[in-house]
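**Q** test case, fold it:
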Amino acid sequence: MEKLTLSVKEFCEAVGIGRTKAYEILGAGELEIVRLGRRTLITKRSVEALIERSVRSL
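**A** Residues are numbered from 1 along each chain as shown. Below you'll find the predicted structure:
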C-alpha cells in the first residue's frame, strides 16, 4: 500500500526545502495536516496541490 502522508522530514526531502520553510508553509495553512499524537503528517494530495499552484503562478 502506498503511503498517504509524509512526515515533515520526508516533505522537506521530497521538495528540497529546509525545516524552517516547511513550518512556515504549514503555519500559513497551505498544506493539509494530520496530527497523530505528537506527530505532524502532511497529506500527499496537499503537497501535490501546493506544487500545482506554484507551477501555475509562474
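**Q** hey, where'd the helices end up in this protein?
**A** Residue ranges of the helices in the chain, as given by DSSP state H, are 8-15, 19-27, 44-56.
**Q** out of those, which gets nearest to residue 38?
**A** Proximity to residue 38 (CB to CB) singles out helix 8-15 among the helices of the chain, at 11.8 Å. C-betas here are computed from N, CA, C, even on glycine.
**Q** counting contacts, what elements does the closest one pack onto?
**A** Packed against helix 8-15 by the contact rule (3 or more CB pairs under 8 Å, 6 or more residues apart in numbering; DSSP states H and E) you find helix 19-27, strand 39-43, helix 44-56.
**Q** deepest-packed of the ones you listed, please.
**A** Of those, the one with the most neighbours on average (mean count of other CB atoms under 10 Å) is strand 39-43, at a mean of 17.
**Q** which neighbouring elements make contact with that strand?
**A** strand 5-7, helix 8-15, strand 33-36.
**Q** before I go, just wanted to say thanks for your time.
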